[in-house]
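Colleague: With the sequence up front, the predicted model follows.
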Amino acid sequence: MRRKHVSFGRRLAFGVRLLAGLRKPDIQAAGVYVRARFGGHNPLSWLRFSCWALRQAFVVMPAVAAGVDVARPVSRTPMWLDDANPWADYPWSRLAANSTGDSELPSEVDTVVIGAGFTGAAAAYHWAKLATDGRRLIVLEKDDPASGSSGRNEGLVVMGRYFAMVRDRMVERLRVVRDELGESERRALAEKFSDVYCRAAYRNADLIEQTVRDEGFDCDYARAGWVQARGASEQESLVESVESAAARGHGDWTSISPAEVLERSGMRVEHNAGFSLAAASWHPAKWVWSLIDAALQNNCVSLFTRTPVAQIESFAGGYRVTTPRGVVECRHVLLATESYSPQLEPRLHDAILPMQEQAASGLGGPPTMAPHVGISGAWFFAGRYGERVLFGSGGSRVRDKEAGRNWPSRFLSWFVAGEMQSAFGQYELQMTNEWSGTVGYTPDEYPIVGSLDDAGKYIIAGMCGSGSGVSFNAARCLVERILNHVADRDADDDYPSDYFSPTRLLDPANHTWP
Ligand SMILES: Cc1cc2nc3c(=O)[nH]c(=O)nc-3n(C[C@H](O)[C@H](O)[C@H](O)COP(=O)(O)OP(=O)(O)OC[C@H]3O[C@@H](n4cnc5c(N)ncnc54)[C@H](O)[C@@H]3O)c2cc1C
């Protein structure tokens with residue numbers, strides 16, 4: 001592709017300004033890129049990276065910038081949260097206006113859910129539908145609903161990760177935690193893990209679609225799939241991944257030709273791409289807000305925003321949940337706190353790793369980019385939502401206490417804007433928003449869904465940037481367990497303990513493996 005001509009003076013000014021503005025998130029993103037693209041952290045890789053970065057800063061990015069108008073200042077508010085949050089400061093703001101809502105925290109309830117993102121809102125929704133005996137659930141959110149990753153993401157409803165991806169990550173991990181097994185036994189075990197994961201994710205996707213339709217949720221839901229570009233060296237593994245998924249009956253994961261990629265997404269690629277047929281797009285914050293709206297129709301569910309949980313202590317009868325607004329005693333507590341979880345449970349420090357992902361959005365963008373379809377290039381993701389285009393990337397680990405930080409790397413935004421230009425051709429864009437969030441990764445990249453103490457303290461976390469592919473069904477299963485409708489080994493429970501219990505990570509030697 002021919003680059004726009006930019007004078008030497010403008011290139012110099014752009015590059016100097018960019019390099020002078022480098023901050024911690026830029027350095028952290030560089031660390032990830034060096035490892036992924038230049039083969040690890042050694043002096044030669046850093047040297048090669050430095051040459052690459054200088055070329056980006058003084059040649060590639062200034063040409064991209066010639067078509068991009070960056071708002072001054074760029075808003076740190078995620079695109080989705082530009083829409084007014086109907087549950088902001090709930091119930092407190094409504095009390096002030098003499099309207100609905102509880103006036104104070106109750107001292108005792110059956111279940112406390114911590115966090116009001118995809119996961120916490122889903123738990124509240126299922127509880128409202130399934131609790132028939134008046135048992136009470138409250139959601140405590142330290143900020144406002146969808147203020148975590150759930151309001152900061154790409155807006156894709158994923159079918160979870162595909163079969164071979166889950167299998168291969170799990171094989172790597174089993175080499176560490178199940179070294180007594182032979183390689184073929186580990187592979188067979190990893191396949192079982194992947195199978196169970198994919199089935200749960202497929203059910204999750206169907207439940208979401210059905211819920212949007214049945215409830216009439218206004219969250220811009222549309223199923224148009226997700227294109228994932230693959231290079232020449234990845235073609236063999238793409239074929240294997242499609243065949244292995246099909247052999248297990250996981251028909252969502254397919255491969256499409258460059259012509260079909262162009263037709264579906266507008267992206268130009270040279271090789272076949274992976275394609276998740278049933279992935280969808282939505283307004284992720286509206287999904288959360290709609291779930292809460294439906295949940296609060298049942299008065300056995302309450303929401304308290306701007307109420308951070310400082311501590312969870314266990315006692316003979318259950319748990320004492322401490323917040324600045326008061327203490328609540330409960331029989332069950334559910335951590336729906338994803339990347340923030342180690343802040344409440346420090347022993348999760350090496351189990352739930354907060355990783356930064358970031359995105360930017362603006363008006364315009366590649367005119368050929370198709371709406372609603374998920375698009376992943378080698379180093380970026382992107383999507384068109386009405387007049388706006390969203391694009392991003394990420395993957396650097398941050399400290400536990402930095403979970404939820406909103407501190408994007410501008411260098412990374414320019415890099416992604418350039419990658420998008422390579423894939424779609426030149427475009428004009430007015431970049432208005434740029435933000436980051438954190439997602440929770442586990443060392444085996446497999447979620448944890450279950451009890452943290454073999455009693456009433458539950459968690460759903462470690463969804464590795466695929467929260468829409470896990471949270472709704474996982475919350476259903478845990479709510480059913482808490483309500484004693486099913487046990488974790490029932491056919492209707494898609495998250496059996498052998499696979500998903502936190503002991504898999506916290507105490508692998510004593511975990512009951514499938
Ligand atoms: C840039 C980006 C792009 C992404 N793209 C996609 C995508 O396209 N599709 C997809 O499926 N996933 C995507 N993800 C990941 C997805 O957003 C997450 O997996 C999902 O939002 C997790 O939902 P959650 O409810 O578990 O966690 P969160 O949404 O993070 O919610 C946790 C909540 O807990 C609250 N909380 C934390 N600690 C406390 C406390 N002590 N007391 C009270 N409340 C507390 C937080 O304020 C927060 O609201 C992306 C993420 C990012 C950042």
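Modeller: Received it, and whenever you're ready, just let me know what you need. Keep in mind the model is a prediction, meaning the values are calculated, not measured. Numbering: from 1, shown residues only.

Colleague: got a list of what the nearest residue to residue 363 once chain neighbours are set aside touches?
Modeller: Residue nearest to residue 363 in three dimensions, not counting chain neighbours: residue 430, with 4.7 Å by CB to CB, 6 or more residues apart in numbering. Yep, even glycine has a C-beta here, placed from its N, CA and C like the rest. Residue 430 sits next to 68, 69, 71, 362, 363, 364 when contact means CB atoms under 8 Å, 6 or more residues apart in numbering.

Colleague: And the strands in the stretch 351-500 of the chain?
Modeller: Per DSSP state E, counting those that start in this stretch, the stretch 351-500 of the chain carries strands over the ranges 353-364, 374-376, 381-385, 388-397, 429-441, 448-451, 457-461.

Colleague: mean pLDDT for the ones you listed: which is lowest?
Modeller: When these are ranked by mean pLDDT, strand 388-397 comes last with a mean of 94.

Colleague: how about residue 260, what does it touch?
Modeller: Neighbour list for residue 260: residue 275 [criterion: CB under 8 Å, 6+ apart].

Colleague: Then the one 4 residues further on?
Modeller: In this structure, residue 264 makes contact with 224, 225, 227, 256, 275, 370, 373, judged by CB under 8 Å, 6+ apart.

Colleague: Relative to the ligand, how far out is it?
Modeller: Distance, residue 264 to the ligand, by CB to the nearest ligand atom, to the nearest Å: 17 Å.

Colleague: for that residue, phi and psi?
Modeller: Backbone geometry at residue 264, expressed as degrees, to the nearest 10, gives phi -80, psi -30.

Colleague: what's the pLDDT at it?
Modeller: Residue 264 is assigned a predicted lDDT (pLDDT) of 98.

Colleague: picking up where we left off before, just curious, which of the contacts of residue 264 is nearest to the ligand?
Modeller: Proximity of the contacts of residue 264 to the ligand (CB to the nearest ligand atom) peaks at residue 373, which lies at 12.0 Å.

Colleague: Do I have it right that the closest one meets residue 228?
Modeller: No. Assessed by CB atoms under 8 Å, residue 373 is found out of contact with residue 228, at 11.1 Å.

Colleague: follow-up on the earlier one: bridging residues for the residue nearest to residue 363?
Modeller: residue 69, residue 363 (DSSP bridges).

Colleague: how close does it sit to the ligand?
Modeller: Distance, residue 430 to the ligand, by CB to the nearest ligand atom: 20 Å.

Colleague: wait, what's in contact with residue 369?
Modeller: 265, 266, 267, 375, 382, 383, 384, 389, 424.

Colleague: With residue 68 instead?
Modeller: 362, 417, 428, 429, 430, 431.

Colleague: Might one say that the third one is in contact with residue 366?
Modeller: Read that as residue 428. No. Counting by CB under 8 Å, no contact exists between residue 428 and residue 366, whose distance comes to 9.5 Å.

Colleague: neighbour-wise, which of the two wins?
Modeller: Higher neighbour count among residue 428 and residue 366: residue 366, with 23 against 14, using other CB atoms under 10 Å.
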